[in-house]
Each structure stands twice: as structure tokens, then as C-alpha cells.
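In: got a sequence here, can you model it:
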Amino acid sequence: MTDFTIRVDQNKYLPAGSQEVHGIITAEASGPVQSSSVAEAAEVIIIDTSGSMSYGKINDARKAAQAAVDTLRDGVHFAVISGNHQAEVIFPGSGRLVPADFQSRQAAKEAIALLRAEGGTAMGRWLRRAADLFSAHQADHPGAIRHAILLTDGKNEHEPAPEFDANLAYSAGKFVCDCRGVGTDWVVAEVRRIGSTLLGSVMDVRRPEELEADFRAMTEAAMGKTVADIALRVWTPRAATLNFVKQVSPTLEDLTGRRTDVDALTGDYPTGAWGGETREYHISVSVPAGNVGQEMRAALVKLVQPSTGEVMAGGNILAQWSDDPAQSTRINPRVAHYTGQQELASLIQEGLQARNDGDVETATARLGKARGIAEQAGNEETAKLLDKVIDIDPATGTARLKRVVDKADEIALDTRSVRTVRMRKDPES
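Out: All right, here's what the predicted structure looks like:
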């Protein structure tokens, strides 16, 4: 069995009259490696086969999909979808998920080898087709871990926006989807919306020949998941207001609007499937101001399986009012760190948008400030990506936008803006 633990980092002391409480929840899952070998799982591989995938990209996409098939564990139920302006299940012929074994892998790879690039792009239809496959499978395998890989190289140009919205909403909660954009013609915000809604990652793949290794790594990670559909359950007192629930590590994801009410005081926030990993969440609660010396529980946080109600781990976010400035004005280092990481992501996305809009002044200010925050937080990858978009004068610290920026560098910065780094040194609670 996978073991879960929760740790709460916060400064519980509030000045007299203060009402806002913050806590960083560190949730960790660990357990025997062999547990993944018995976890039921289902996998759907979705390959963009629109016309823009020609010019060599389709060859690398075929190799990547075949590598993913080879990486599947024996017994994992799977299918492969070819996506253009339609969604076709190219394997299996039955249109239902089948278990992975030597014969089914060979048949799937033969079907993948015949993929051709033609037609338009309608990603929502691809997702709906995958959702239907998973739903049919779930009827007989209710506890299975459901995961998809989606590869695209272009814009969602052949599906009306209302249809895409409906298809994405239809797919939410049915599976986790890791998304990859290859080349420089796809829209980060569009693919990020898919990954966000379906609780998966979004990454850029600069060169098509890098797809094979990336697909293999994604599939290996999916095969390492051991527990499906874990929720972060948050209880707050009757007079309190839950301001937000955000995942802050390993990536930023605002879960606030994803709440499912358990009762009037309690809500579940989806986190998807877990393997051996650590994630961190930032929770903010407003409570009625108390008297000096008074202590209260501002929130009770648990990891649960909603379908069974089983509680995996729990922890408290507390509030205590103090007239000691040394206590009440101290900001918890972990709270400060992740608040800065959230600001960093916003600055990058706002700066890139301003740059594309031709607003040089705003773009320079946002991206220059982001560069300082990245360096201070030890986020070396983001700092290096920012250096490809702006120049910093070493003498004055003044930022200046580069005149010419590689589109792939801009996409990488945008895509990875939501990836955070954990604190270099674990602070005391």
C-alpha cells in the first residue's frame, strides 16, 4: 500500500484584529515499488495527425507512440487515437481498450506505422473519444488509474469554441492527460487549458526527434502511479471563508474553482493519481478576528479517496492571536517562497503577452522583475529562459527586451513558467 503523510508549514500567530491565515501543505506519497505492478491502469495515446504534422514530424510521432506502447506494463489496457479534424481509434479494431501483451503491442505498433498526416485539428473531439474509451473501461474496472498522452503541433482551428468547451468539460474527471506541444506553431494557453482541466502536465518539445524519449519517460511515470483519484479535502469553520486552494509544487495550479462540496463546511479538490511523489499546496483562509491568546483551527486538511471515503492523511491549519510583534509579523519561509513563485509565473505570462501586444514598457518591467525573483528563488532553469528574452545590464540591473527572440525560446519560457522549484533548504516549521 502507498503511505501518505501531510505536513503543514505556517506561522499561526496573527496580530490582533488580523483575519487571514496561510499554510503550505506538503503531501507525500511513498510505498513499496512493487505496488505499481498490481495497480490497474488504462492508457490512451493521442497523436496529432493533422496536415501540419507532415514534413517529418509524423515520422518522429510514430516512433514516440511506438515507444510509449513498448513501455506499457503487461496487463495495462490501452488504445491509440489518431486525431485531426476527427478522432479515430486506430487500435484496437474493436474500439475498446485491450490488455497490453506481446501480440497487442505488435499490432498497435503496426497500426501506428501506417499513420499519415492529413486534415485539420480538433483537439476537443480527440479528448471526447478518449473519455468515452475510459468510461467504457471504468464500468468493468472502477479503480483503474486512467491516463492519456496528447501530442499536438498546431492550433485548434477546426472545432468551434463552444464545441471545444463542451468536449473539454465532458472529459474532465474521466482521466488525467499529459500534453506535449512540438514545434513552434501551437498555442501554449490553449494546450495549458487542456492540461489544467485534466490535471496533467504541459511541456514543449523543441525538436521532433526528442519526442521518443519524452513519450517513454511520460509512460514510465504513468506506470509508476499506484493510487487513483485522490482528493484534497478541506474543512473550514462555519464563520470562516476559504480564499483559495492552489497546488504550488511541482507546478502551479489553482484548484479553487474545482471544488466539489461534501457538506456545508467541507469540499474536495481533485489531485488525480499518485505514485511515489511529493506535492505542495497553498491554502488561505479568512477567519473572524479573535482575542489575544485565543487559538482556533482555521482548516482541517485531508487526503482522501472520495469514492470510498478513506482518509490517507491529515493536518491542521491553526490561528492564534498574539500581541508579540516578533511572533505575529514573521512570515513563514515556505509561504513566502511559494507566494514568490506564483508572482513569478504571473509576471512571465503578463510580460510575454505585453511583448506580443507591442507594449515594450510593460513587457520589460514584468520580465525584468521576473528575472530577479527567479534568481532569488534559485529557479535556475527559468532564469536561463528569461535570459533568452531579455538582457540585464550587470552594472545597473536594468532590463532590456531582446530585439530578436527565437520562437521556441518564447514558447519554452511560457510553458515552463508554471513549473516551480522547492526551497533549497528545508525551513523549520
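
In: which ones are touching residue 134?
Out: Applying Cβ atoms under 8 Å, 6 or more residues apart in numbering, we find residue 134 in contact with 42, 44, 97, 146, 148, 174-175. Glycine gets a C-beta too; all of them are placed from N, C-alpha and C.

In: please apply the same query to residue 269.
Out: So residue 269 contacts 231-234, 245, 255-256, 258-260 (Cβ under 8 Å, 6+ apart).

In: save those residues as CSV, and put in pLDDT and distance to residue 138 too.
Out: Formatted as CSV, the contacts of residue 269 follow (pLDDT from 0 to 100; distance: Cβ to Cβ, whole Å):
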residue, pLDDT, distance to residue 138
231, 98, 17
232, 98, 22
233, 98, 22
234, 98, 26
245, 98, 26
255, 98, 23
256, 98, 27
258, 97, 20
259, 98, 23
260, 97, 18
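
In: those in strands, which ones?
Out: Among those, the members found in strands (DSSP state E) are 231-234, 245, 260.

In: flag every buried residue along the longest helix seen in the chain.
Out: Ranked by number of residues, the top helix in the chain under DSSP state H is helix 333-356. By neighbour count on 16 or more other Cβ atoms under 10 Å, the buried set for helix 333-356 is 333-339, 341-342, 344-345, 347-352, 354-355.

In: coming back round to it: any chance of the contacts of residue 269 in CSV with neighbour count and distance to residue 217 as columns?
Out: What follows is those, written out as CSV (neighbours: other Cβ atoms under 10 Å; distance: Cβ to Cβ, whole Å):
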residue, neighbour count, distance to residue 217
231, 23, 27
232, 24, 26
233, 21, 31
234, 24, 32
245, 24, 29
255, 22, 25
256, 14, 31
258, 20, 27
259, 17, 32
260, 13, 32
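
In: can I get those in JSON lines with distance to residue 153?
Out: Converted to JSON lines, these look like this (distance: Cβ to Cβ, whole Å):
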{"residue": "231", "distance to residue 153": "34"}
{"residue": "232", "distance to residue 153": "34"}
{"residue": "233", "distance to residue 153": "39"}
{"residue": "234", "distance to residue 153": "39"}
{"residue": "245", "distance to residue 153": "34"}
{"residue": "255", "distance to residue 153": "29"}
{"residue": "256", "distance to residue 153": "32"}
{"residue": "258", "distance to residue 153": "29"}
{"residue": "259", "distance to residue 153": "35"}
{"residue": "260", "distance to residue 153": "35"}
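
In: of those, closest to residue 276?
Out: residue 232 (18.1 Å; Cβ to Cβ).

In: wait, that closest one touches residue 267, no?
Out: No: counting by Cβ atoms under 8 Å, residue 232 stays clear of residue 267, with 9.2 Å between them.

In: for the spatially closest residue to residue 254 that is not a sequence neighbour, give the beta-bridge partners.
Out: Of all residues not flanking residue 254 in the chain, residue 246 sits nearest, at 5.1 Å (Cβ to Cβ, 6 or more residues apart in numbering). Beta bridges link residue 246 to residue 254, residue 282, judged by DSSP bridges.

In: residue 326: which element?
Out: Secondary-structure element containing residue 326, defined by DSSP states H and E: helix 325-328.

In: and the contacts of that helix?
Out: Counting by Cβ under 8 Å, 6+ apart, 11, 13-15, 18, 321-322 sit against helix 325-328.

In: in it, what's buried?
Out: residue 328.

In: and that helix, what's its mean pLDDT?
Out: Helix 325-328 comes out with an average pLDDT of 94.

In: do a quick rundown of the helices in this protein.
Out: With DSSP H as the criterion, the chain has helices spanning 57-71, 102-113, 123-140, 161-171, 188-197, 211-223, 325-328, 333-356, 360-377, 380-386, 407-416.

In: list of residues touching the top strand by length along the chain?
Out: Secondary structure of the chain per DSSP E: the longest strand is strand 310-322. Applying Cβ under 8 Å, 6+ apart, the contact partners of strand 310-322 are 4-8, 10, 12-16, 18, 21, 23, 25, 27, 230, 283, 285, 287, 289-305, 328.
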